[in-house]
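**Student:** Sharing a sequence plus its predicted fold:
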Amino acid sequence: MEERQKHNSEKDAIFKPVIQYMTKNINKSLKTEDLASLMYMQPTYFIRCFKKQYGMPPITYFNRMKIYKAMGLLAGTDLTIEEISGEIGIFDTSYFARLFKKHCGISPTRYRAEFKKM
């Protein structure tokens, strides 16, 4: 088990610059080409390697990061849905709501209401 964790952390270290870049730029829109250039890889090869490591393409991973941040903001702040959407770089609130529902199974408004009940 310990050997497996060491192996996984070594593999995660390969993409550490990409993950850090995504985190730093969570409020922006990123292109696969920009992420691939951080790793000095061709975009298609980068996508394949990233997907092998994380089980999803980099843009899907980045969108999931955005949704997790939105979940935290919905639960921990009184910011409006529009403000939260802007905080994560999605300026079309309808698109944000669809993306959120796709990942979480409920709307952002309902998520906030359910979280406040706890």
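**Tutor:** Nice, thanks for sending it over.
**Student:** what's the single longest helix in the protein?
**Tutor:** In the chain, taking DSSP state H as the definition, the longest helix is helix 58-76.
**Student:** for the record, mean pLDDT for that one?
**Tutor:** Helix 58-76 shows a mean pLDDT of 96.
**Student:** what sits against the residue nearest the centre of the chain?
**Tutor:** For the chain, residue 65 is the residue whose C-alpha lies nearest the centre (CA atoms, centre = their mean; 1.9 Å). Shown in contact with residue 65 (CB atoms under 8 Å, 6 or more residues apart in numbering): 22-23, 26. Any C-beta I mention is one placed from the backbone N, CA and C, and that applies to glycine too.
**Student:** ok, back up a step: after the longest helix of the chain comes which helix or strand?
**Tutor:** Counting by DSSP states H and E, the next helix or strand C-terminal to helix 58-76 is helix 81-87.
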